[in-house]
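Engineer: here you go, sequence then predicted model.
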Amino acid sequence: MLNWNSTDTHPPIPEISASLPYALGLSLSLLAFLYLRSLATWNTRSRRLSTPPGPRSLPFFGNALDMPKAKQWEGFRDLCAKYGDILCLHVFTQPVVVLGSADVIVEYLDKRSANTSDRKQTASLKLMGYDTSFGLMPYGPEWKLRRRAFWQHFSPTAVGNYQNIQRETTRTFLRTLLEHSRDIDIERHLTKSVATTLLRVLYGIETQNDIDEAVAAIQGGLEGGRQVLVSGGFLVDFFPILRYSPSFVPFQRRFAKWRTGLERLMNTPFACYQAAAEKLGDDAPPCVVGGVITSLLKDDQEKEHVADIEFIAKRIAVDSMEAGTDSVTLFILPYLEQWSDRANLQTVSTLTTVLLAMSLYPNIQKKAQAELDAVVGPDRFPDFSDRDLLVYIDAIIKEALRWMPSAPLGLTHCTRNDDELRGYFIPAGTVLMANIWACLRDPEAYENPEEFHPERFLRDGKLDPSVRDPSDFIFGFGRRTCPGRHFGLAALFINVASVLHTFNISRPLDDCGREIVIEPRMANGFVSHPEDSRVQLKPRSPEAEALILRSTGGAIA
């Protein structure tokens, strides 16, 4: 038993109780001091560093009424011309910073990506089921895992494994152009070609019935993804309490429909893969989904981050598929940065742009075909091994990417912490928009930027590294750069080279045989494309027609 009178024991409890108010008061005072000091520091910083300039905000609405209604990239360009290359807007309570020049985009999104690689999480993402989409999910361990899985299958080395599939689907597309050259919906047929390539690469799907079933799932499965990418598209994102509205409310019914479509997209092609794997066993064609499942099952460390390997494999495949299209055809973009923030999307949109440009600039087309004739000759198709010699073809692709970028504003980024940019205060949670279109139409970087002029990328017969490369912008920035860009650029090359090698492209004709004047304008939308892409296609020669027929099974029935 303790002797409270002893000098080597604790003091009596009453003495401790007497000192408790003093200790508590001291602690509270210290906490208050630290809080006030941090608050003063933040206030001093926020006072010292003003937010970027922008239009005057209205009560409640902020700058919601100042947001450009159509072709936002042009509207933001004009606002940046007035307020500067770092433009601040508030959509209700959400701060949005538009980055309007190449140097500020590279500085903030590339060089400081540790704080600018996040994505804004919204109520609509969760309601539609897109909160698990790789391109839209927040930066963190799960995102890093998914990116590593992507890179294993779409690195420059891995992309070489898909060249045979890309060759075959490109030649099938040429056959389609030959059969329907008088009246053809190029975007629809090209999108089907891209879909077939993706389904074979991702799932190993090769039978036509399975491809048709999967394409039907794609058509209905990505509508919600397109809608979620529309800036300010849903009121629920600004007033999240609306997510608890009853299920009969119209917007809730739309979200439910989009969730169902996304689930079908995830399950239908995967079921085709499973059926083939069970039926063929080791003879099943190799594919990305099978590779992802195998690698995750082997890696115990990866399992710690993933509760359901099958779900991750499905999600990775869907992420890739989501990037494989154009918003007005079968697919859309929210993988966006996976393949893409964009790789397969570029195949459809950019090839359409190339065909339009060739019809408007026949001398450029002749120069490209002369290069193809010299390097390839009439007896075979261009191949990936010819790429280093087909410099003008590469320049045409770069110019098409610059002239009409398919995602003019890219995907928005989001700051993770309070930050400073060129003397301006950028709060945590700020949405960052990069005006890619403005960078690629910058007259200081590109002379006469409205003109289609591939020679701007060439010097002494080689690609000029000193010219701003559009690929550095259209495939995303920093840690969010599209890991599928090598696949997308390879698909672009083989398609552009093959079409120009075998077809002449000219302006369309009306019913009286007169040329139709086409204005090269970009369509409105998050994912853009030529507003009017009508062209006329004819085989370059009987030899070119015979080459297509020989490679795809003989004469047209």
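Structural biologist: Yes, it's here. Numbers count the residues shown, from 1 in each chain.

Engineer: quick one, what contacts residue 394?
Structural biologist: Residues near residue 394 by CB atoms under 8 Å, 6 or more residues apart in numbering: 387, 457, 463, 493. In this view, the C-beta of every residue, glycine as well, is placed from N, C-alpha and C.

Engineer: pLDDT at it, what is it?
Structural biologist: pLDDT, residue 394: 98.

Engineer: hang on, it in a helix?
Structural biologist: Yes - under DSSP: H, G, I helix; E, B strand; the rest coil, residue 394 falls within a helix.

Engineer: just the closest of the contacts of residue 394 to residue 396, please.
Structural biologist: residue 457 (9.0 Å; CB to CB).

Engineer: and the gap between the nearest residue to that closest one once chain neighbours are set aside and residue 543?
Structural biologist: Among residues not flanking residue 457 along the chain, residue 395 sits closest, at 4.5 Å (CB to CB, 6 or more residues apart in numbering). Residue 395 sits 26 Å away from residue 543, going by CB to CB, to the nearest Å.

Engineer: residues contacting the residue nearest to residue 199 when sequence neighbours are not counted?
Structural biologist: Leaving aside its chain neighbours, residue 199 sits nearest to residue 205 (4.3 Å; criterion: CB to CB, 6+ apart). Residues in contact with residue 205 (CB under 8 Å, 6+ apart) are 199, 211, 214, 269, 272-273, 276.

Engineer: can I get those in CSV including distance to residue 84, secondary structure and pLDDT?
Structural biologist: Below are the contacts of residue 205 laid out as CSV (distance: CB to CB, whole Å; DSSP: H, G, I helix; E, B strand; the rest coil; pLDDT from 0 to 100):
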residue, distance to residue 84, secondary structure, pLDDT
199, 46, helix, 87
211, 50, helix, 76
214, 47, helix, 78
269, 47, helix, 88
272, 52, helix, 89
273, 51, helix, 89
276, 56, helix, 87
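
Engineer: export those as JSON lines, with columns for distance to residue 372 and neighbour count.
Structural biologist: Supplementary listing: those in JSON lines, determined by distance: CB to CB, whole Å; neighbours: other CB atoms under 10 Å:
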{"residue": "199", "distance to residue 372": "29", "neighbour count": "27"}
{"residue": "211", "distance to residue 372": "30", "neighbour count": "19"}
{"residue": "214", "distance to residue 372": "34", "neighbour count": "26"}
{"residue": "269", "distance to residue 372": "35", "neighbour count": "29"}
{"residue": "272", "distance to residue 372": "37", "neighbour count": "22"}
{"residue": "273", "distance to residue 372": "37", "neighbour count": "26"}
{"residue": "276", "distance to residue 372": "37", "neighbour count": "21"}
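
Engineer: list just the nearest of those to residue 238.
Structural biologist: Nearest member of those to residue 238, counting by CB to CB, is residue 269, at 34.8 Å.

Engineer: and the gap between that closest one and residue 211?
Structural biologist: Relative to residue 211, residue 269 is positioned 9 Å away (CB to CB).

Engineer: stretch 152-163: how far from the chain's middle?
Structural biologist: Distance, stretch centre to chain centre, for stretch 152-163: 19 Å (CA atoms, centre = their mean, to the nearest Å).

Engineer: just checking, residue 206 touches residue 200?
Structural biologist: Yes - using CB atoms under 8 Å, residue 206 is in contact with residue 200, at 6.1 Å.

Engineer: quickly list what's touching both of those two.
Structural biologist: Joint contacts of residue 206 and residue 200 (CB under 8 Å, 6+ apart) are residue 285.

Engineer: and these two? which has more neighbours close in?
Structural biologist: Neighbours per residue, other CB atoms under 10 Å: of residue 206 and residue 200, the larger number sits with residue 200, 20 against 15.

Engineer: give me the pLDDT value at that one.
Structural biologist: Model confidence at residue 200, given as pLDDT, is 90.

Engineer: for the protein, name the helix or strand with the lowest mean pLDDT.
Structural biologist: helix 13-48 (a mean of 45; mean pLDDT, DSSP states H and E).

Engineer: can you name the next helix or strand after it?
Structural biologist: Using DSSP states H and E, the helix or strand that follows helix 13-48 towards the C-terminus is helix 72-83.

Engineer: and the angle for the next helix or strand after that next one with helix 72-83?
Structural biologist: On the C-terminal side of helix 72-83, the closest following helix or strand by DSSP H and E is strand 86-91. Strand 86-91 runs at 120 degrees relative to helix 72-83, counting by axes from the mean of the first three to the mean of the last three CA atoms, to 10 degrees.

Engineer: returning to what we had before: pick the one among the contacts of residue 205 closest to residue 468.
Structural biologist: Nearest to residue 468 out of the contacts of residue 205 is residue 199 (CB to CB; 35.1 Å).

Engineer: the closest one: what's it in contact with?
Structural biologist: 205, 210-211, 214-215, 269.
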